[in-house]
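A.B. asks: Got a predicted model here, sequence first, then my questions.
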Amino acid sequence: MPVPDEGGIALRRERQVLQLAAAVASTLRTDFVFSHETAALLHGLSHYRLGEQVHVSQSWKPPSRSSGRQLHRHPVDVPAGDRMLVGGRPVTTLERTLVDCARWLPGDRALVIADSALRAGADPVVVDRVLGDARGRAGVRRARRIVALADPRAESPGESLVRWHLDEHGFDVPDLAVGVSTPVGDSWVDLGWPGLRVGIEFDGAVKYSGGAYGDPAGRLLAEKRRHDALVEAGWVLLRVVWADLTDPARLIARCHRALVAAEARSVRRR
């Protein structure tokens, strides 16, 4: 699942990589398994800034010229327990895919995939085993950080990216899907710090666009009522949209101001 973008660039890239993967599957004659971002794509996981290359892992080291702009070969022996078939194609398991991406990709892209893999059913115990098997190899230290941050309760790539930026800047990691009692019933906050009653609501505009999400006007009205109830319950809510993620410094400054003000209010109440 790509992130939304106005020009459809992410969807075009996804289709391009899937077409390349199909071509690779029909032409490679040696043993291989789709891995890394390509495996994530074939598993149907969320991704962010998908690369243009198809990734495969093979137990032999190919000539350098055999990897290029469209195909990246990883000279790694993937054991049978870390392989499966998806649509009849050899693909690394969810757990192996999570770890490979966490070792290989920049942190923001890796966390989007890791959260999605856990939502899709990746077993944390198996993830830890795969990480242990990779001990001493490149990227394992970074991967451990991603695995520690990963959470299946993150409902969208946007929530994953907000958490990544907060962690990068030393913030306490916010809780996810925070339950809140309001004057009109139980509600929730996407991400937040319950002790300070500060929350972050990530607004992916797609949920207000109709289709499978229902009537847009009805969705907006229900969201307005939910927001008002949370504010009445004493919460400060920061609205974040995709455009905000292009300026992480501004996002971090907003969060810092809200948390400092909440801490001051908390001190005054004591």
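C.D. replies: In hand now; what should we look at?
A.B. asks: Need the pLDDT of the spatially closest residue to R83 that is not a sequence neighbour.
C.D. replies: Distances taken as C-beta to C-beta, 6 or more residues apart in numbering place V33 nearest to R83, at 5.3 Å, with adjacent residues excluded. Every residue, glycine included, has its C-beta placed from N, CA and C. With respect to pLDDT, V33 scores 98.
A.B. asks: Distance of V33 relative to R109?
C.D. replies: 21 Å (C-beta to C-beta, to the nearest Å).
A.B. asks: The helix or strand containing A261 packs against which elements?
C.D. replies: Element membership of A261, judged by DSSP states H and E, is helix 248-269. The elements that helix 248-269 packs onto, with contact taken as 3 or more C-beta pairs under 8 Å, 6 or more residues apart in numbering; DSSP states H and E, are helix 157-168, strand 198-202, strand 236-240.
A.B. asks: Could I get the ones you listed in a markdown table, plus columns for mean neighbour count, distance to L259 and mean pLDDT?
C.D. replies: Compiled in a markdown table, those are given as follows (neighbours: other C-beta atoms under 10 Å; distance: least, C-beta to C-beta, whole Å; pLDDT from 0 to 100):
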| stretch | mean neighbour count | distance to L259 | mean pLDDT |
| --- | --- | --- | --- |
| helix 157-168 | 22 | 10 | 97 |
| strand 198-202 | 22 | 6 | 96 |
| strand 236-240 | 18 | 9 | 96 |
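A.B. asks: Which one, of these, ends up nearest to R144?
C.D. replies: Proximity to R144, assessed across the helices and strands packed on helix 248-269 by C-beta to C-beta, is greatest for helix 157-168 (13.2 Å).
A.B. asks: Show me the contact partners of the closest one.
C.D. replies: 1, 3, 46-48, 107-108, 111-112, 114-116, 149, 151, 154, 173-174, 176, 190-191, 200, 202, 204, 240, 242, 245, 248, 251-252, 255 (C-beta atoms under 8 Å, 6 or more residues apart in numbering).
A.B. asks: could the helices and strands packed on helix 248-269 be laid out in JSON lines, adding distance to L18?
C.D. replies: Listed next are the helices and strands packed on helix 248-269 as JSON lines, based on distance: least, C-beta to C-beta, whole Å:
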{"stretch": "helix 157-168", "distance to L18": "18"}
{"stretch": "strand 198-202", "distance to L18": "27"}
{"stretch": "strand 236-240", "distance to L18": "30"}
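A.B. asks: Figure out which of those is closest to V76.
C.D. replies: Judging those by C-beta to C-beta, what sits closest to V76 is helix 157-168, at 25.9 Å.
A.B. asks: next SSE after that closest one?
C.D. replies: Defined by DSSP H and E, the subsequent element after helix 157-168 is strand 175-182.
A.B. asks: what number of residues lie near the nearest residue to D115 once chain neighbours are set aside?
C.D. replies: Distances taken as C-beta to C-beta, 6+ apart place A154 nearest to D115, at 4.1 Å, with adjacent residues excluded. Residues lying near A154 (other C-beta atoms under 10 Å) number 27.
A.B. asks: can you tell me which residues contact A154?
C.D. replies: With the criterion set at C-beta under 8 Å, 6+ apart, A154 makes contact with D115, R119, S160, R163, L176.
A.B. asks: how about the residue positioned nearest the centre of the chain, what does it touch?
C.D. replies: Nearest to the geometric centre of the chain sits V112, at 1.4 Å (C-alpha atoms, centre = their mean). By C-beta under 8 Å, 6+ apart, the contact set of V112 is V3, S46, H47, Y48, P157, S160, L161.
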